[in-house]
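J.: Just to be clear, the model below is a prediction. Sequence and coordinates:
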Amino acid sequence: MAKSTGDYLRHYMGAVSEVLRELPWEAVEQVVDTLHEARLCRANVFLCGNGGSAATAAHFVNDLNKGANAQGVPRFRAVGLGDNVPLLTAWSNDLHYAEAFAESLRNLARPGDVLIAISCSGNSANVLRAVELARGMGLVTIGLTGMPGGKLAQLVDLAVRVPASSVEQVEDVHMVLEHAIVSALRHRAEQELVPSLLLADGRGATPKSGVVAPELPMRPAIFLDRDGVINANRVDHVKSWQELEVLPGALEALRMLARTFLPIIVVTNQAGVNRQAMTFEMAESINRRLLALVRAHGGRIDAVVWCPHRPEEECGCRKPKPGMLTYAAETLHLDLARSFLVGDSADDVAAGLAAGCQVALVLTGRGAAQRPRVEERWGERCRILPDLMAAAEWILQEIEDSELEHLDS
């Protein structure tokens, strides 16, 4: 006897439910880890697929760029390779449809970016060609496919095989996975209160990103607070580039420090972001423009590490805690015990000493007002200097003395 429509629908949904129970959740968790890392590193995430998978890819782009947002972390930079119809048809017409995704990817991809390729069969020629190009260009590749996975599952770095052969059911589960992954990314960003580390090349970095080979010797570094040391403090936060006023002599001091072999790293509390006085993107833009300004004047800043959290969020990175320094040290392979920190507040001094650095308080910014407090608490453990230029001269002398001691020994 033929099944009724209701029975058929219930059977279909029961089959989908069974597939969901059998998903390779360890691989799905690895996808979340990979995408979370990509967000923190400001990497691009590209997506592609055909037919229903093209719709899933477009939906994924929408949700990564909007639904995964959380306060105090970078937004995703997700791009759908099938969403620009004129470009897609131009490459398909002038070359071959099999090259359409790869040619679009060629314009935008950089090493460290991510490609998510979606194909139920795992054998779509244009999807496979995009993955081949991505691997050659140094991208991390993720494949969402069905069973048995086809060529795609063998080609990508990370494959999620939906254990079903029905195209409709595989596409159903891909969409459920998309929503689950985006939701997990939003939750993770809300729970993990970590600082933001911006490199001089405009990319982000984390301890997992491997920007420095671990076999190289650990290096000392020069850590500088930003507001009150390089530029003037504002009670209401520096909220735009127009509000950033570089202190006299700061650019010359950074030019002097650039002659050393030490990485120069800005570490700065920027609670104005999570207080919603400015957006994450505006804070990032200010830091990027400061890097460019210093470079244009012959100086160098190798990284900016900044904490967007409010004090009441109780993160581990906001000074006076040393979290930004230890995060930078883990990411950039730094020796904190041989490093220097220059700040204009007791919080800066506390963070530097907690990390084991040699510390100086400059009297610009809040330094003059906080000097009595610093001297009472730490005495000779903290050097008191007029400004960043004097701090640069102190650091250069310490480096010279250290080198002489090394030669004598």
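T.: The structure has been received and is ready for your questions.
J.: Show me how this protein divides into domains.
T.: Domains of the chain are assigned by automatic domain parsing as 16-191, 196-408.
J.: And the contacts of stretch 28-42?
T.: Outside stretch 28-42, the residues that touch it by CB atoms under 8 Å, 6 or more residues apart in numbering are 43-45, 64, 68, 73-77, 112-114, 140, 142, 158, 160, 177, 180-181, 184-185, 188-189, 194, 196, 198, 202-206, 208-209. Where C-beta positions appear, they are placed from N, C-alpha and C, glycine not excepted.
J.: Just the buried subset of the residues you listed, please.
T.: Listed as buried from the contacts of stretch 28-42 are 43-45, 64, 68, 73-77, 112-114, 140, 142, 158, 160, 177, 180-181, 184-185, 188-189, 194, 196, 198, 203-206, 209; burial here means 16 or more other CB atoms under 10 Å.
J.: Touching the top helix by length along the chain from outside, list them.
T.: For the chain, the longest helix by residue count, based on DSSP state H, is helix 167-191. Contact with helix 167-191 is made by 12, 15-16, 19-20, 23, 28, 31-32, 35-36, 39, 52-53, 56, 59-60, 63-64, 67-73, 118, 120, 144-146, 160, 162, 164, as judged by CB under 8 Å, 6+ apart.
J.: got the buried residues for that helix?
T.: So, applying 16+ other CB under 10 Å, buried residues of helix 167-191: 169-174, 177-178, 180-182, 184-186, 188-189.
J.: Would you mind identifying the next helix or strand past that helix?
T.: strand 196-199 (DSSP states H and E).
J.: for the helix or strand following that next one, packing partners?
T.: Next along the chain after strand 196-199, taking DSSP H and E as the criterion, comes strand 222-224. Of the remaining helices and strands, those touching strand 222-224 by 3 or more CB pairs under 8 Å, 6 or more residues apart in numbering; DSSP states H and E are strand 264-269, strand 340-343.
J.: what lines up beside strand 222-224 in the sheet?
T.: When sheet partners are counted by DSSP bridges, strand 222-224 sits next to strand 264-269 (parallel), strand 340-343 (parallel).
J.: possible to save the domains of the chain as CSV with mean pLDDT and distance to Tyr8?
T.: CSV is the format used below for the domains of the chain (pLDDT from 0 to 100; distance: least, CB to CB, whole Å):
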stretch, mean pLDDT, distance to Tyr8
domain 16-191, 97, 13
domain 196-408, 94, 47
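J.: could those domains be laid out in JSON lines, adding distance to Gly6?
T.: Below are the domains of the chain laid out as JSON lines (distance: least, CB to CB, whole Å):
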{"stretch": "domain 16-191", "distance to Gly6": "16"}
{"stretch": "domain 196-408", "distance to Gly6": "50"}
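J.: now the strands for this structure?
T.: 44-48, 77-80, 114-119, 140-145, 158-161, 196-199, 222-224, 264-269, 303-307, 340-343, 358-362, 382-385 (DSSP state E).
J.: Make TSV out of the ones you listed and add distance to Ala369.
T.: Listed next are the strands of the chain as TSV, based on distance: least, CB to CB, whole Å:
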stretch	distance to Ala369
strand 44-48	45
strand 77-80	41
strand 114-119	47
strand 140-145	48
strand 158-161	53
strand 196-199	28
strand 222-224	19
strand 264-269	17
strand 303-307	22
strand 340-343	13
strand 358-362	11
strand 382-385	13
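J.: follow-up on the earlier one: narrow the contacts of helix 167-191 to those that are buried.
T.: 16, 19-20, 23, 28, 31-32, 35-36, 39, 52-53, 56, 59-60, 63-64, 67-70, 72-73, 118, 120, 144-146, 160, 162, 164.
J.: Among the residues you listed, name the ones in helices.
T.: Those of the buried ones among the contacts of helix 167-191 lying in helices (DSSP H): 16, 19-20, 28, 31-32, 35-36, 39, 52-53, 56, 59-60.
J.: Check the residues you listed against Met278 and report the nearest one.
T.: Using CB to CB, Arg39 comes nearest to Met278 of those, at 19.6 Å.
J.: Settle this for me: Leu353 is touching Cys382, isn't it.
T.: Yes: Leu353 lies in contact with Cys382 (CB atoms under 8 Å); the separation is 7.4 Å.
J.: Need the overlap of contacts for those two.
T.: Val359.
J.: which ones are touching the residue lying closest to Val359 once chain neighbours are set aside?
T.: Leaving aside its chain neighbours, Val359 sits nearest to Gly352 (4.0 Å; criterion: CB to CB, 6 or more residues apart in numbering). Gly352 makes contact with Phe223, Pro322, Leu325, Leu341, Gly343, Gln358, Val359, according to CB under 8 Å, 6+ apart.
J.: and the gap between Pro74 and Ala303?
T.: Distance of Pro74 to Ala303, computed by CB to CB, to the nearest Å: 15 Å.
J.: quick one: terminal-to-terminal distance for stretch 76-92?
T.: Stretch 76-92 has an end-to-end distance of 28 Å (CA to CA, to the nearest Å).
J.: What residues of that stretch count as buried?
T.: Quick answer for stretch 76-92 (16+ other CB under 10 Å): Phe76, Arg77, Ala78, Val79, Gly80, Leu81, Gly82, Asp83, Leu88, Trp91, Ser92.
J.: What of stretch 242-261?
T.: Within stretch 242-261, the residues that qualify as buried are Leu244, Leu247, Gly249, Ala250, Leu251, Ala253, Leu254, Met256, Leu257, Ala258, Thr260, counting by 16+ other CB under 10 Å.
J.: Dump the residues you listed to JSON lines, plus distance to Leu152.
T.: Below are the buried residues of stretch 242-261 laid out as JSON lines (distance: CB to CB, whole Å):
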{"residue": "Leu244", "distance to Leu152": "48"}
{"residue": "Leu247", "distance to Leu152": "55"}
{"residue": "Gly249", "distance to Leu152": "58"}
{"residue": "Ala250", "distance to Leu152": "53"}
{"residue": "Leu251", "distance to Leu152": "52"}
{"residue": "Ala253", "distance to Leu152": "54"}
{"residue": "Leu254", "distance to Leu152": "49"}
{"residue": "Met256", "distance to Leu152": "54"}
{"residue": "Leu257", "distance to Leu152": "50"}
{"residue": "Ala258", "distance to Leu152": "47"}
{"residue": "Thr260", "distance to Leu152": "49"}
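J.: sorry, back to before: ranking the contacts of Gly352 by neighbours, who comes first?
T.: Gly343 (31 neighbours; other CB atoms under 10 Å).
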